[in-house]
Structures are given as C-alpha cells and as structure tokens.
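Novice: just need the structure, nothing else, for what follows:
(chains A and B)
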Amino acid sequence: MLSRVKISERDAQERNKDFKQVNAGYTREQMLEESKRCLQCKTPLCRRGCPVEIDIPDFIRELSLDNPGSAIEILKKKNNLPAVCGRVCPQENQCEKFCILGKKGESVAIGNLERYAADWAAANNKEKKRLETQTNAVKIAVIGAGPAGLTCAGDLCKLGYEITVFESLHDTGGVLRYGIPEFRLPSEVLDAEIEALKENGIKFVLNTLIGRTKTLADLFDEGYKAVFAGTGAGLPVFLGIEGENLNNVYSANEFLVRVNLMRSFDFPHYDTPVYKGKKVVVIGGGNTAMDSARTALRLGAQSVKLVYRRTETEMPARKEERIHAKEEGVEFVILTSPVRFIGDDKKFLKGVECVKMQLGQPDESGRRRAFEIKDSNFIIEADMAVLALGLNPNPILPSLTPGLKTDGHGYLIIDENFMTSIPGLFAGGDIAGGDTVIQAMGMGKQAAKKMDEYVRNLK
Amino acid sequence: MFKILSKKEIANNIRSFEIQAPDIAKRAKAGQFVILRINDNGERIPLTIAGADLSAGSVRIIVQEAGKTTAALCQMKEGDYIKDFVGPLGHATEIKNYGTVAAVAGGVGTAEVLPVIKALKEEGNKVITIVGARCEDLLILRDEIEAASDELLIATDDGSCGRKGFVTDVLRDVVEKEAVNVVYAIGPVPMMKAVANLTKEKNIKTMVSLNPIMVDGTGMCGACRVSVDGEIKFACVEGPEFDAHKVNWEELISRLAVFKDLEKISFEKFKSRGGCKCSQG
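Specialist: Have a look, this model is predicted:
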C-alpha cells in the first residue's frame, strides 16, 4: 500500500536503439491495483497541483470500478490532451506532489492512470462520441497548434465557438510534434488526440504564418471576434563562443526538428538528413537536453556526454528523464562548461574545449552560482554537439503586428485576463512566458475562459 | 495542397512554376521566399519568390535541378499538387530611391532578381542589371530582365553571349565608368562573395540575398544562422538580405556543405529508381 505499482519499462540496452516507447503503460490489473490505492479524499489536495483542474479522484474512482469509459469522460471535461499529459507532465511537481499518500509512502501514480484511461479510449472507443454542443456561430481564431493553442481551442469549442487553428508548420502539435521524441510521445498518440479535436469541429489551417501569410488585422477583418496567440518558442539560445557555427554543432531545436518532425531517423526514406554523431556532446541540463542526448544514442552514437555547469541536483530536467538517460548510457559530465568548439580543416567539429566549474553561494533564483576553475581546461573529443540552452520567444508575430507590446525579453505582455496590448488578442504558453507543456495548457485553458467572457461582453 | 498552375522549361534543367497560393500572392514582396515540401516524405526547402500574380492568385518560383527535391519537383506536372507551401517568409528588400543601382545575378538568382529590379525601377532608380551564366543556353528570362532594367549587361564563361568572363569583370567596368550608389547581388555564393570583395574595395554599399540551409524557416531551429559582423543572425527571420561586406563568407560556404554526402545518397537513390527525367534535358 505504501508503494505504487511500478510501470514496466523496456530494458535500457534494448530501448536505446530504437524510437519505440520506453514503457508500455499499465495493464488492466496494474491499473486496478493502483487506482484502488487512492483514498478518495473529501478535500483532494492533488487537484490543487493540476494546472488544468482535472477532477482527479473522480476519474480514479471510475478506473477503480473498471469503468475506463467514464474515467476518460471526466478527464476530457477538463483536459483536451490526456494521453499527452499522462506521458509528459511533470506530475511529481504537480498533482502527485500533493497526494496525501506521498507523506508516508509513494503518492498515487496519477499520471500513469491518466495515460491508461486515455490509451484505453484510443484503443476501444472507435465510434467516438461527438461533443454535443450547440454552436453559437461566433468565430474565434487560434494561432499555433501547440499545447497552449490546442487546449484553448478545445475549451472554446466546448463552449460552442467555431474555432479555426492557424499553424505555420506543415503539421499540428507544435512542440509536442517537433520537440518531444517518439519514445516519450509516439506521433500516433498525438494524432489521435488531435483527431478528436477535429471531430468536435475544430478546423486546422496549416502552412499559414500569421504576421506573414495573413496579418492579425486580416483575422479580425475575416470576422474572428477574438484571437489567441500560442505561437510558442522561437530562436534558440547560443553561447556566443568560438566555433559555435562549425558543422555538426546543432541547436537542440534543429536536431529534434530534423529527427521528430522531419523523421530524419529514417533517412533516406524521408528526405531530410541529419548527422548521426559517433561521439556526441550535449550541453544543458533540462528536459530538452535529455531528449537530445537520448535521441543521439538512438541514432547510433557510441558515446553521449551531457555537459552541465552545475550538478545533477540543480538540473531542471525531470528526475524520470535523468534516470532514463543515465540507464540508457548517457554520461553526465557535471560542473563543466564549454569554452570553445574546435573544428578540423573542413570546419567540421572535432572537439569541445571545456572548463571545470565550482559552486558558490545561491543567486537570486536560489540556485548556486557556478564559477570557472582557473586553468582547468580540457578537451572532449566529439564529432557532434547539441546545444540545449533554452529558447527565446518567437519574434514574428510581435515584430509584424503594430501595437503588440512585449517585455524586455520579447515575451508578449498579458494582463490578468490573458489579453495582450491589442484588444481581442489573448496569449498563452511560451510566447507569454510559460515554460512547460502543462503550464502552456493551463494558460490556454484560463485564456479560453476569459475569451468567452470577452466575446459575450462584445454583444 | 498547392496546385501547379503552369510549368515551363526556361533553360536546360531550369523550370519556372506558377503555384496557386492566393494568400501568399497577396502579400509577397520583392526579396521574400517560400518554404515548400513536395510530399509527406519530403524535406522543407526555401526558394526565393520570383514573382506573384494577384489576379491569378499565383506565386512564381524558379527551380534548378540540384538535388533530390529540386529534381523531383522538376518532374512534377501542371495540375499536380505540392503538399506544403508557406510564405512569404523573411524581410522584403528595402526598396527606396538610391539613385543608381547595379543588380548582379547568376544562375537561378537571375529569376529571383526580377521582382527586386522591377520594384527598384518603379521607385525611380536607374537599374543596371548584370547577369552571368556559363553559356548562352543557360541564360534565363532575358526579355523580362531587359524590360525591367535601364541597361542589361551579360557575362558568360565561354563568351557565347555578352562579355567572356565573370559578372565581376563587368561590374568593375560599370563602377569605374559611373557612380553606382548601391549594388544588389543574388546567386551562387562564390559570385556574391566576389561581388562583395570588389565593392568593398570600391566602398559601395552592397546587399546580398543569402541562401543558407533552412528547416522550419520561421525562426525556430537556428539551422540558417550566419555570422554578420561577428554576430549570429538567423537568415529566415532576420534576413535573407544582409550587408555583403559584413557576411562571414567562408563560414557560409562550409555550412552549405554540411550535408553534401547525405544529399548525394538521397539524390543517387532517387535517380536509381528512374526518378529523374530532368537530367535527360
């Protein structure tokens, strides 16, 4: 009772060679055992930790009664993407962190249970029930088909609005498609979630970059009463050090976009190439760094070294991702920072010069500051490097929309109603300072409520 | 899906396409580009917009067979559909009255320079266009370029048309003969680099349209980064045009070669399947 039902994972040495899912999810028996651990608290603390306000004990109760169909209905009331959230949410910092069982033992595995219900629905609910809402014939546009946009679109659709989602890429999903690898979130799982949104009447228009193909003003002229911008992250951060533009030095975004969105792991069946490094250095300590390192292994790297300036304790990546990465063979090189990339005579990478670091006192953010140790330079041999240092907000919409205000970092400024400096334009997710998938979804959800209020007040 | 409204062979291995894309046609300005993907397995490649027809709702692109995607594209027919086509991307050329402008173009850049010189001429500039090609047969859109220029000068490697030599030889004569306020260059990187070297020496402001490798083309991946004045710039959102005298040309040349071996594998595979009819001329 104190410990949760473990999810079975594929052997690390087997899974690090392909892009199939790391774990298979609970079986029915495991699901029943785990869901019965839930105490069904009268005042459930877990709900406080959920950015999209799922009725957690309710869906778990239905599961414990072996009613996955009712469980998914409860989930879908609040969460348009349960199969995604069950896989990629940092539950340990959210719902599961507050679970009362966690005080003495292990919290209920809420994420695994959510995933079970969602996967069950995808497998069994062939004749999906169409959402029964009266459409109100009011048009709302959503810019960006990533987690923030999809959530906002899903919620507004439930309220009866006619929703069109504009996406600049050739496929939906945003970071869920181009960023998160197959082995964490298979594309068919994402496809099924988006298909469900389409069945409810949401229209998707791809290959449309708002700001360029059409302007925000065009959208209002076309009769959209409100617009949500979930345009996501943009330009990758570089270090500004020597050799950063050598061949085979990638931003994590380029590397992951090539492999995930463009499917270059299957080159030349797919046309987009990617270099398959033998000795790979990944720089960074977040989830994107882990995704990059594990992807490099799966492309056949002999060694993958993850270089991070602080220690593992300070890494922003989820614990589960760190464990998975290490199990699969990623070597963590902590207290180390790159100072220069070294190229051969054809300007291809051959090594990364690093310096050792030590930790001092905590800075304003509470993390201990890292200092270089003088004369501690050393070279790591590498034919490929991936920089996973974060992203700046996408500049296209603000730079091409007169009157749209951003803060000093380029994030859209939004008020307490999620509205930007332009009346009727709301925003959420990375472009408005969100950080994680679930945070983006939470913002999309809150914005949808405020957009509904805004549009009703227009009449 | 984006319909191919028309396709014309304008020189050996070079084809001109009109693609139905009314939203893009409405917004496209000189100097901007599109990204296209021909099918579900395709790669995303950038192509400079060579013109737009508002009434037909179409965008013109010029394609020279250089690899798998361009060869496959050349094989598509009128009435076929291109899977994805997004744009107009990047900043438009800064069009104003500079006085006298020398526009230098080579290869398919000759088609891409057309909307730029049209806009410059409309703005009141004197436009001297210098076009380079290996031989006369590879000269494209000569009549249209001539009509849009005050003067058209041609250089061919073999002397089969115009002056025997490089565009830079012609450009040197022009700038020594008259006061040129701005030079605009678009074409193969070695050509643009040579133009930049010449005009730097002559101290003439020069703009170039760069063509680095791109993936998303919307400022997300960083593949297209170029060093301009020692700083990283993303050509897709901060370009594609930059001050020629500040571009790190060696870096651009080496970065363009990053996938040379893989591109060859892809192209060979395509040809071995009998895919390529283009190369038969």
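Novice: domains in the chain, by residue range?
Specialist: All of this is about chain A. Chain A resolves into domains spanning A:20-123, A:139-234+A:393-456, A:237-391 when parsed by automatic domain parsing.
Novice: should've been chain B
Specialist: Domain ranges of chain B: B:2-90, B:93-201, B:210-269, per automatic domain parsing.
Novice: turn those domains into JSON lines, including distance to chain A and mean neighbour count.
Specialist: (Glycine included, C-beta is placed from N, CA and C.) Listed next are these as JSON lines, based on distance: least, C-beta to the nearest C-beta, whole Å; neighbours: other C-beta atoms under 10 Å in any protein chain shown:
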{"stretch": "domain B:2-90", "distance to chain A": "4", "mean neighbour count": "20"}
{"stretch": "domain B:93-201", "distance to chain A": "14", "mean neighbour count": "20"}
{"stretch": "domain B:210-269", "distance to chain A": "4", "mean neighbour count": "20"}
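Novice: those domains into CSV, with extra columns for distance to A:Ser365 and mean pLDDT?
Specialist: Output for the domains of chain B, formatted as CSV (distance: least, C-beta to C-beta, whole Å; pLDDT from 0 to 100):
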stretch, distance to A:Ser365, mean pLDDT
domain B:2-90, 36, 95
domain B:93-201, 41, 94
domain B:210-269, 25, 94
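Novice: what's the closest of the ones you listed to A:Ile110?
Specialist: Closest approach to A:Ile110 among the domains of chain B (C-beta to C-beta): domain B:210-269, 32.1 Å.
Novice: mind listing what's buried in the longest helix seen in chain A?
Specialist: Once chain A is assigned using DSSP state H, the helix that runs over the most residues is helix A:437-458. Going by neighbour count (16 or more other C-beta atoms under 10 Å in any protein chain shown), the buried part of helix A:437-458 is A:437-448, A:450-452, A:454-455.
Novice: of the domains of chain A, which stretch is the most buried?
Specialist: Greatest average neighbour count among the domains of chain A goes to domain A:139-234+A:393-456 (a mean of 22), per mean count of other C-beta atoms under 10 Å in any protein chain shown.
Novice: now do the same end-to-end measure for that domain.
Specialist: End-to-end distance for domain A:139-234+A:393-456, by C-alpha to C-alpha, to the nearest Å: 12 Å.
Novice: just stretch B:15-32 next, same as before
Specialist: Terminal residues of stretch B:15-32 lie 19 Å apart, using C-alpha to C-alpha.
Novice: what of stretch A:411-430?
Specialist: Stretch A:411-430 has its terminal residues 8 Å apart, counting by C-alpha to C-alpha.
Novice: can you give the distance from that stretch to the centre of its chain?
Specialist: Stretch A:411-430 sits 21 Å away from the centroid of its parent chain (C-alpha atoms, centre = their mean, to the nearest Å).
Novice: how about that stretch, does it reach chain B?
Specialist: No - applying C-beta under 8 Å from any C-beta of the partner chain, one finds stretch A:411-430 separated from chain B by no less than 10.9 Å.
Novice: for that stretch, give the mean pLDDT please.
Specialist: Averaging pLDDT along stretch A:411-430 gives 97.
Novice: same question, stretch A:84-103
Specialist: 92.
Novice: can you lay out the domains of chain B as a markdown table showing distance to A:Leu39?
Specialist: A markdown table is the format used below for these (distance: least, C-beta to C-beta, whole Å):
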| stretch | distance to A:Leu39 |
| --- | --- |
| domain B:2-90 | 49 |
| domain B:93-201 | 67 |
| domain B:210-269 | 44 |
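Novice: how about residue 30: what's its closest non-neighbour residue?
Specialist: Since no chain was named, I'll use chain A. A:Val5 (4.8 Å; C-beta to C-beta, 6 or more residues apart in numbering or on different chains).
Novice: look at chain B instead
Specialist: Nearest to B:Ala30 is B:Pro115, by C-beta to C-beta, 6+ apart, at 3.9 Å.
Novice: give me the residues contacting the helix or strand where that neighbour lies.
Specialist: Assigned by DSSP states H and E, B:Pro115 falls within helix B:109-122. Helix B:109-122 has contacts (C-beta atoms under 8 Å, 6 or more residues apart in numbering or on different chains) with B:10, B:16, B:29-31, B:48-52, B:60, B:62, B:93, B:95, B:98, B:101, B:103, B:105, B:127, B:129, B:131, B:133, B:139-141, B:144-145, B:148-150, B:184-188, B:191, B:209.
Novice: stretch A:87-107 now?
Specialist: By C-beta under 8 Å, 6+ apart, stretch A:87-107 touches A:1-4, A:37, A:39, A:41, A:45-51, A:54, A:56, A:108-111, A:115, A:176, A:180, A:184-185, A:189, A:318-320, A:436-438.
Novice: cool, stretch A:21-34 as well?
Specialist: For stretch A:21-34, contacts defined as C-beta under 8 Å, 6+ apart pick out A:4-5, A:7-10, A:15, A:63-64, A:66, A:68, A:108-109, A:112-113, A:115-116, A:119, A:182-184, A:186, A:324.
Novice: quick one: mean pLDDT over that stretch.
Specialist: Computed over stretch A:21-34, the mean pLDDT rounds to 94.
Novice: now the helices for the stretch 351-459 of chain A?
Specialist: For the stretch 351-459 of chain A, the helices defined by DSSP state H, counting those that start in this stretch occupy A:396-400, A:437-458.
Novice: still on that earlier bit, go through the domains of chain A and name the closest to B:Phe267.
Specialist: Nearest of the domains of chain A (C-beta to C-beta): domain A:237-391, 9.3 Å.
Novice: how long is the closest one end to end?
Specialist: Termini of domain A:237-391 sit 5 Å apart (C-alpha to C-alpha).
Novice: which residues of the stretch 101-250 of chain B fall in strands?
Specialist: Under the criterion DSSP state E, counting those that start in this stretch, the stretch 101-250 of chain B contains strands at B:126-133, B:151-156, B:163-164, B:182-186, B:205-209, B:225-228, B:231-234, B:241-243.
Novice: make a markdown table out of those and add distance to A:Leu397.
Specialist: Converted to a markdown table, these look like this (distance: least, C-beta to C-beta, whole Å):
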| stretch | distance to A:Leu397 |
| --- | --- |
| strand B:126-133 | 34 |
| strand B:151-156 | 41 |
| strand B:163-164 | 48 |
| strand B:182-186 | 28 |
| strand B:205-209 | 24 |
| strand B:225-228 | 21 |
| strand B:231-234 | 16 |
| strand B:241-243 | 21 |
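Novice: A:Val330 and A:Leu297 touch, don't they?
Specialist: Yes - with contact defined as C-beta atoms under 8 Å, A:Val330 reaches A:Leu297; the gap is 6.7 Å.
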